[in-house]
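Asker: For reference, the sequence and a predicted model appear below.
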Amino acid sequence: MSIRAVVWDVDDTLFDYSTADREGIRAHLLAEGLLGRYGSAEEALRLWREITDAQWARFSAGEVDFVTQRRDRTRVFLGRRLTDGEADDWFARYLVHYEAAWNLFPDVLPVLDALAASHRHAVLSNSSIHVQERKLRTLGVWDRFETVLCAAELGVSKPAAGAFLAACEALDLPPHEVAYVGDHPEIDGRGAAEAGLRSVWIDRAGAWTGDDVSVRHHRIASLAELPALLAPDSRFGAPSTFR
């Protein structure tokens, strides 16, 4: 079965979000004189990410909009009441430090070059087009993708099948002719597979220990493995347990 297009996640798949977030929040708290309040940079980052995940879950569930989840991340992290303007200003100052640390992973441009002639490319992200367009343009890869779809505008987020199917519809391709590449085994991996796409989990950190058979099939440790995985004559062994 031929794969004609690849749909990509952005954060921690193409873009090294974790490093940028870590360096960004550390530099921001240092500039704000707040780093000592959290004991260490590691503890501050742990709390920031815990709050980010919780607020993002509210956004994904449709409980709040994209801007509100950002404001609430700031309020909860600082532990004080802020006006919308104060929260926006604090977050904007964080973004300056965060964006200074933006980088693609080193395997991204080689794989996009390798697949440029053989596959179409698109993006599906649980973010907003305002955020991801700026990011992809800054990183120099915006023009690599036919379309960029984001949850804030779609009104549906991964792992819901509707998000993945919207990407297939935008490409005018059936799901079985589309691969989805993402870094999260459930949100990206299982979600894409259950929507009928070929699911590829990029596990750069080596989080998989071999004990969880649900993520065994289309796991790769580097995007350098992707062209062979998508080749028409590829053979994968045991059927995917995502499906």
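Answerer: Nice, I can see it. Residues are numbered from 1 along each chain as shown.
Asker: what about the longest helix in the protein?
Answerer: Ranked by residue count, the top helix of the chain under DSSP state H comes out as helix 41-60.
Asker: ok, then the element right after that helix?
Answerer: Next helix or strand after helix 41-60 toward the C-terminus (DSSP states H and E): helix 66-78.
Asker: Identify all contacting residues around that following helix.
Answerer: Contact with helix 66-78 is made by 47-48, 51-52, 54-56, 58-59, 64, 81-82, 84, 87-88, 90-91, 127-128, 152, as judged by Cβ atoms under 8 Å, 6 or more residues apart in numbering. C-beta here means a position set from N, CA and C on the backbone, and glycine is covered the same way.
Asker: okay, the angle between it and helix 41-60?
Answerer: Relative orientation of helix 66-78 versus helix 41-60 (axes from the mean of the first three to the mean of the last three Cα atoms, to 10 degrees): 150 degrees.
Asker: would you put the C-alpha positions of helix 66-78 in CSV?
Answerer: C-alpha atoms of helix 66-78 as CSV (Å, rounded to 0.1, in the frame of the first residue of the first chain):
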residue,chain,number,x,y,z
PHE,A,66,-6.0,29.3,23.1
VAL,A,67,-5.3,32.8,24.6
THR,A,68,-7.1,31.9,27.9
GLN,A,69,-5.0,28.8,28.4
ARG,A,70,-1.8,30.9,28.0
ARG,A,71,-3.1,33.5,30.5
ASP,A,72,-4.1,30.8,33.0
ARG,A,73,-0.7,29.1,32.6
THR,A,74,0.9,32.4,33.7
ARG,A,75,-1.5,33.0,36.6
VAL,A,76,-1.2,29.5,38.1
PHE,A,77,2.6,29.4,37.7
LEU,A,78,3.0,32.8,39.4
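Asker: Tell me the buried residues in it?
Answerer: For helix 66-78, a neighbour-count test (16 or more other Cβ atoms under 10 Å) marks 66, 67, 69, 70, 71, 72, 73, 74, 75, 76, 77, 78 as buried.
Asker: same question, stretch 131-151
Answerer: For stretch 131-151, burial by neighbour count (16+ other Cβ under 10 Å) applies to 131, 132, 135, 136, 139, 141, 144, 145, 148, 149, 150, 151.
Asker: Just confirm the last one contacts residue 162, I think it does.
Answerer: In other words, residue 151. No - using Cβ atoms under 8 Å, residue 151 is not in contact with residue 162; the gap is 10.2 Å.
Asker: Break the protein into its domains for me.
Answerer: For the chain, automatic domain parsing gives the domain ranges 5-16+103-230, 17-100.
Asker: would you turn the ones you listed into a markdown table with mean pLDDT?
Answerer: Formatted as a markdown table, these follow (pLDDT from 0 to 100):
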| stretch | mean pLDDT |
| --- | --- |
| domain 5-16+103-230 | 93 |
| domain 17-100 | 94 |
